[in-house]
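J.: how does the following fold in three dimensions:
(2 chains)
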Number of protein chains: 2
Amino acid sequence: MSLENISCQKCFGGWTKRYRHRSNTLNCDMVFSIYLPPQVEQGEKLPVLYWLSGLSCTDENFMQKAGAQRLAAELGIIIVAPDTSPRGEDVPGDPDGGWDFGHGAGFYLNATQAPYDRHYRMHDYVARELPTLVEASFPVSERRGISGHSMGGHGALVCALRNPGRYQSLSAFAPICNPMSVPWGEKAFSRYLGEDRAPWREWDASQLLLNTGEKLPILIDQGDRDQFLSIQLKPEVLQVAALAAEAPLTLRLQAGYDHSYYFIASFIDDHLRHHAQALKA
Amino acid sequence: MSLENISCQKCFGGWTKRYRHRSNTLNCDMVFSIYLPPQVEQGEKLPVLYWLSGLSCTDENFMQKAGAQRLAAELGIIIVAPDTSPRGEDVPGDPDGGWDFGHGAGFYLNATQAPYDRHYRMHDYVARELPTLVEASFPVSERRGISGHSMGGHGALVCALRNPGRYQSLSAFAPICNPMSVPWGEKAFSRYLGEDRAPWREWDASQLLLNTGEKLPILIDQGDRDQFLSIQLKPEVLQVAALAAEAPLTLRLQAGYDHSYYFIASFIDDHLRHHAQALKA
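T.: Model prediction:
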């Protein structure tokens, strides 16, 4: 696998970069962003926090809007932000032109249904192919954290819960906690996974939490003025599952905050410190 | 004058808001962004930092990408970010469709040439009409700072240098320091102000600095990998003028940084503290 560097911008003493590469998992070219803090120039091997963005985002939104580089530079954490779906003319999108399915909306799962199964294997890309590439190309330690927002919060929870021991830290902002029971998830799962709902449980954090061996502490922030809270996100379902499974979930309802990057920016430092505590231990 | 609130998003305990209003100066509707830190809810009157953005930006770029709200919330500074030009179907743009003149490129001056003189009076808007509106509508003190980026750095310098005593603090990121002698400025000034170059001096920071009574300390950060540095920005001309005028200019050349918001985000805290020192005194 080879990496093509397509941009390199100094930021808080480190570098925000973008790379293009061929993905064998997704059968298309992919772009990801990476923040390399200043410590990489001293030859230190640093842990990586993977950030999964939400519907309609690319690899760039988080790097441009979350303000995470300031504290990542201080703590010495690399951040990797993949794109939110396979891309390209060959990759089928939403036949209805929606923004909540297809391009920009890969839902971080492995599709089983044609024509999506040829490209939409974002879980394997995010949890396997991309870390392998990153670990072969940058001075990283073997410690990994994962976080994300909305669809990407769902992705972060599912990646960690399906792969016990693979991540050492986990958090999410306003995740889709119970996708198999909400409109965004029902649309995506029925097309990517088929109409039979039984396999959907394998991609639903609230279901996975009941049966996983992964017992990582989970930090979730959720704005109480989030316009998607009651219809699409359903943190209360995850909370009930966490109680049943005795999983260490800290769910913080943040008064007045919405679903935007202004919300993420306001609390990203808490999440970075949550990850640093586990990743730098 | 009446203000129409068009968005309101909680951010670091305060609020990032956008307002639309009729501008009599510009003869069109205008939108600005404002960050109100949490202290406004305790009834404190706070100083205002005006931020002027660069070519092709709107009122939103700075609020979304600079990461300024975190420290503004801590310091108790209101930030107001106007749009970069008059807008609307009635407002003439660049006849050649360029992005460096017309819509998004008002250059913070008062045009004297038809057809631009009817709308392009961004200096009077930024230095007079908008502060009057802000001071009548929000809990602000009488202390004002001004800063900006690129074309907006030029605007900040010119606003302060043309209006001694009006601002209590001044800074800029990668400003166009000598617009009358660079391609961006020559294109804009010849159209907004006419082919006679004599009046151009009234809108050129390096010229104004030689003749102003304003002796505010000026903080400027400039990336040494900025792709526009040698052709468009020319901080060395401003530095020579500052030496001649005995003006207190601190020009910091930042190694490795480019012209982007990653550069701004990396040093915005220093600028906020520079302004706070004067505004909160």
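J.: contacts and neighbour counts: CA atoms only from here.
T.: OK.
J.: just confirm A:Ala127 is within a helix.
T.: Yes - A:Ala127 forms part of a helix when assessed by DSSP: H, G, I helix; E, B strand; the rest coil.
J.: so who does it touch?
T.: When contacts are counted by C-alpha atoms under 8 Å, 6 or more residues apart in numbering or on different chains, A:Ala127 is found next to A:Cys159.
J.: which pLDDT does the model give it?
T.: Model confidence at A:Ala127, given as pLDDT, is 98.
J.: separation between it and B:Ala66?
T.: As judged by C-alpha to C-alpha, to the nearest Å, A:Ala127 and B:Ala66 stand 31 Å apart.
J.: then A:Leu219?
T.: 26 Å.
J.: quick check: residues of chain A near chain B?
T.: A:9-13, A:64-67, A:70, A:256-258, A:261-263, A:265-267 (C-alpha under 8 Å from any C-alpha of the partner chain).
J.: how about a cut-off of 10 Å?
T.: Counting by C-alpha under 10 Å from any C-alpha of the partner chain, chain A comes close to chain B at A:8-16, A:61, A:63-70, A:223, A:225, A:254-267.
J.: of those residues, buried ones?
T.: Among the residues of chain A next to chain B, the ones that count as buried by 16 or more other C-alpha atoms under 10 Å in any protein chain shown are A:8-16, A:61, A:63-70, A:223, A:225, A:254, A:256-267.
J.: can I assume A:Gly256 is in contact with A:Gln227?
T.: No - with contact defined as C-alpha atoms under 10 Å, A:Gly256 does not count as touching A:Gln227 (11.2 Å).
J.: which SSE is A:Gln277 in?
T.: helix A:261-279 (DSSP states H and E).
J.: all helices of the stretch 1-150 of chain A, in order?
T.: Along the stretch 1-150 of chain A, counting by DSSP state H, counting those that start in this stretch, helices occupy A:61-65, A:69-75, A:122-124, A:130-137.
J.: partner residues bridging the residue nearest the centre of chain A?
T.: Geometric centre of chain A, nearest residue: A:Leu52, 2.3 Å, by C-alpha atoms, centre = their mean. Beta-bridge pairing for A:Leu52 (DSSP bridges): A:Gly148.
J.: for it, give me its contacts.
T.: Contacts for A:Leu52 (C-alpha atoms under 10 Å, 6 or more residues apart in numbering or on different chains) come out as A:58-59, A:62, A:80-84, A:107-108, A:126, A:146-156, A:172.
J.: please tell me how far it sits from B:Gly43.
T.: The gap separating A:Leu52 from B:Gly43 is 40 Å, by C-alpha to C-alpha.
J.: now do A:Asp270
T.: Remark: distance between A:Asp270 and B:Gly43 (C-alpha to C-alpha) = 28 Å.
J.: related to what we said a few turns ago, please compute how far the helix holding A:Gln277 lies from its chain's middle.
T.: Chain-centre distance of helix A:261-279: 14 Å, with C-alpha atoms, centre = their mean, to the nearest Å.
J.: again with stretch A:51-71
T.: On C-alpha atoms, centre = their mean, the centre of stretch A:51-71 falls 10 Å from the chain's centre.
J.: could you tell me the end-to-end distance of it?
T.: Stretch A:51-71 has an end-to-end distance of 15 Å (C-alpha to C-alpha).
J.: report the mean confidence score over it.
T.: pLDDT averaged over stretch A:51-71 gives 98.
J.: also stretch A:26-42?
T.: Summarised as a single mean, pLDDT over stretch A:26-42 is 97.
J.: check which residues of it are buried.
T.: Going by neighbour count (16+ other C-alpha under 10 Å), the buried part of stretch A:26-42 is A:26-28, A:30-40.
J.: what's the span of that stretch from first residue to last?
T.: 34 Å.
J.: could you do stretch A:103-120 as well?
T.: 10 Å.
J.: for that stretch, buried residues please.
T.: For stretch A:103-120, by 16+ other C-alpha under 10 Å, it's A:103-113, A:116, A:118-120.
J.: now A:Gly155: which helix or strand?
T.: With secondary structure defined by DSSP H and E, A:Gly155 is part of helix A:151-162.
J.: name the helices or strands packed onto the helix or strand just after that helix?
T.: For helix A:151-162, the following helix or strand on the C-terminal side (DSSP H and E) is strand A:169-173. Secondary structure elements in contact with strand A:169-173, counted by 3 or more C-alpha pairs under 10 Å, 6 or more residues apart in numbering or on different chains; DSSP states H and E, are strand A:46-52, strand A:140-148, helix A:151-162, strand A:218-223, strand A:249-254, helix A:261-279.
J.: quick one: strand A:169-173 to strand A:218-223, angle?
T.: 10 degrees (axes from the mean of the first three to the mean of the last three C-alpha atoms, to 10 degrees).
J.: what residues of strand A:169-173 count as buried?
T.: Those would be A:169-173, for strand A:169-173 by 16+ other C-alpha under 10 Å.
J.: among those residues, which one lies nearest to chain B?
T.: A:Phe173 (14.5 Å; C-alpha to the nearest C-alpha).
J.: my read is that that closest one contacts A:Gly155, right?
T.: No - using C-alpha under 10 Å, A:Phe173 is not in contact with A:Gly155; the gap is 11.2 Å.
J.: now list whatever residues contact both of these two.
T.: Counting by C-alpha under 10 Å, 6+ apart, the contacts common to A:Phe173 and A:Gly155 are A:53-54, A:147-149.
J.: need these in JSON lines with neighbour count and distance to A:Ser190, can you?
T.: As requested, these are arranged in JSON lines below (neighbours: other C-alpha atoms under 10 Å in any protein chain shown; distance: C-alpha to C-alpha, whole Å):
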{"residue": "A:Ser53", "neighbour count": "30", "distance to A:Ser190": "21"}
{"residue": "A:Gly54", "neighbour count": "28", "distance to A:Ser190": "19"}
{"residue": "A:Ser147", "neighbour count": "30", "distance to A:Ser190": "25"}
{"residue": "A:Gly148", "neighbour count": "27", "distance to A:Ser190": "23"}
{"residue": "A:His149", "neighbour count": "28", "distance to A:Ser190": "22"}
